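Engineer: would you be able to build a 3D model of this:
(2 chains)
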Amino acid sequence: GQSLEQPSEVTAVEGAIVQINCTYQTSGFYGLSWYQQHDGGAPTFLSYNALDGLEETGRFSSFLSRSDSYGYLLLQELQMKDSASYFCATGAGSYQLTFGKGTKLSVIP
Amino acid sequence: DGGITQSPKYLFRKEGQNVTLSCEQNLNHDAMYWYRQDPGQGLRLIYYSQIVNDFQKGDIAEGYSVSREKKESFPLTVTSAQKNPTAFYLCASSTTRDPLHFGNGTRLTVT
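Structural biologist: Model prediction:
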């Protein structure tokens, strides 16, 4: 089976940088994905790491270390609209993604 | 614009009644999924379908049923056998190895 651990809540100041960590245990590994979900809304895809290292997409970056079964999402120049829940996800195949319980990020002025 | 449509947004049912949630996509994706989300929880996979007329159980399939008669449609029936049906239900679709595209969800309340 798969299991992912991430902090339940994080608070950060507008304009700052925040890192959301994710550790996983998996019987097979199909990369680590990150999704963003605003309250009551649809999750949207942010980033995907299949290999070790850093992937950068604008203000968001995601990192993966397969040897450590660990990844993180880095959000820079935080904006109020970044307040949302962030989920890491992985799986043994593309059709059976398992999601973490999510990290609720609150951005304060 | 292409996307995934879930209807209705809010649904209320009495305990003991079956209810069907609609999911339609015009993204031409082969794969479709149903996830359940409870407060403070991640998304848990109920069923998924890789092609028409085929579907597989996810982690929490008990008390649910699906059909995939058309590529565009993947309705989910919440049966009376589901012990705790009140939840937020999310439908998603994807091509092979691509990220999931989610609908806006249906919030089901059973009393």
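Engineer: check contacts around the residue positioned nearest the centre of chain B.
Structural biologist: For chain B, residue B:34 is the residue whose C-alpha lies nearest the centre (C-alpha atoms, centre = their mean; 3.2 Å). Contact partners of residue B:34, counting by C-beta atoms under 8 Å, 6 or more residues apart in numbering or on different chains, are B:21, B:23, B:45-48, B:58, B:64, B:66, B:74, B:76, B:89-92. Bear in mind the C-beta positions are built from the backbone N, C-alpha and C, glycine included.
Engineer: same check, this time on residue A:23
Structural biologist: Counted by C-beta under 8 Å, 6+ apart, residue A:23 has contacts A:4, A:5, A:6, A:68, A:69, A:70.
Engineer: so the nearest residue to the fifth one once chain neighbours are set aside is in which element?
Structural biologist: Closest residue to residue A:69 in three dimensions, ignoring its sequence neighbours and counting by C-beta to C-beta, 6 or more residues apart in numbering or on different chains: residue A:24, at 5.3 Å. Following DSSP states H and E, one finds residue A:24 within strand A:18-26.
Engineer: what are the pairing partners of that strand, and which direction each?
Structural biologist: Applying DSSP bridges, strand A:18-26 is found paired with strand A:2-5 (antiparallel), strand A:70-75 (antiparallel).
Engineer: follow-up on the earlier one: chain B versus the residue nearest to residue A:69, what's the distance?
Structural biologist: 12 Å (C-beta to the nearest C-beta, to the nearest Å).
Engineer: again, but for residue A:43
Structural biologist: 5 Å.
Engineer: ok, that residue - contacts?
Structural biologist: Taking C-beta under 8 Å, 6+ apart, we find residue A:43 in contact with A:35, A:36, A:37, A:87, B:43, B:90, B:100, B:102.
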